[in-house]
Every structure is written in C-alpha cells, then in structure tokens.
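Colleague: the sequence isn't on hand, but the structure is:
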C-alpha cells in the first residue's frame, strides 16, 4: 500500500506520526508477537507495522487480561491458551485490515 491509498485523515495521522505503546515486558510481548500470523504482518504497510503490533499487544493486555497473564509465565505457552490467543490475534488483525481496507 502507498500513502495515497489511505484517506486524507489517515494520511495526516501518518504524517504527524503514529502512537506506539511502550511494551514493559519484552519477553511477554515477544511471545504474543510470535503467535501473529506472518502473512498478516507482511500485508501491513511497513510504516505502520510497529504501530499495529504494539497497539495489538496493548489491546490484548487490556481486553484479554487472563490470556496476557498466561503469556507472562515462564516457559512455553500451554497449547490451549496459545491456540486461543492465536485466534484472538488473528481476529484483531482481520478486524483492523477490514477497517483500513487492506487485502
């Protein structure tokens, strides 16, 4: 996607700079990011990719605290929770992609 593919309002926001969530726990964030389907990440324009990822991790923290708490634990994620979190992340990214008309 190119800048002109976005609406005027979105172009202004991109020019101003995007907000990024400060991720306090890098290890937890890395576990969550690893569950995001790579084909979805590649479809996000590179200049908004970091914004999309950090805000999604923050959204998981706020909207799904029980899943976030599981990712904070040491070691590998249990398979059931990992699958649930993977589906949640896929749904969030699909919602964002539909909103911004990213195919």
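Modeller: Happy to help now that I have it. Since the structure is predicted, the reported quantities are computational estimates derived from the model, not experimental observations. Numbering: from 1, shown residues only.
Colleague: ok, longest helix in this protein?
Modeller: Ranked by residue count and defined by DSSP state H, the top helix of the chain is helix 79-99.
Colleague: how far is it from where the chain is centred?
Modeller: Remark: helix 79-99 is offset 9 Å from the chain centroid, using CA atoms, centre = their mean, to the nearest Å.
Colleague: worst-scoring helix or strand of the protein, pLDDT-wise?
Modeller: In the chain, no helix or strand scores lower on mean pLDDT, DSSP states H and E than helix 8-16, which sits at a mean of 75.
Colleague: and that helix, what other elements does it pack with?
Modeller: Packing contacts for helix 8-16, counted by 3 or more CB pairs under 8 Å, 6 or more residues apart in numbering; DSSP states H and E, involve no helix or strand. All C-beta atoms are positioned from the backbone trio N, CA, C, and that covers glycine.
Colleague: residue 74 in helix, strand or coil?
Modeller: Following DSSP: H, G, I helix; E, B strand; the rest coil, the label given to residue 74 is coil.
Colleague: so who does it touch?
Modeller: Contact criterion CB atoms under 8 Å, 6 or more residues apart in numbering gives no residues in contact with residue 74.
Colleague: next one: phi and psi at it?
Modeller: Main-chain dihedrals, residue 74, degrees, to the nearest 10: phi -70, psi 150.
Colleague: look up how far residue 36 lies from it.
Modeller: 21 Å (CB to CB, to the nearest Å).
Colleague: hang on, the earlier thing: can you mark which positions in the least confident helix or strand of the chain are buried?
Modeller: By neighbour count with 16 or more other CB atoms under 10 Å, helix 8-16 contains no buried residues.
Colleague: what of stretch 95-103?
Modeller: Buried residues in stretch 95-103 (16+ other CB under 10 Å): 96, 100, 102.
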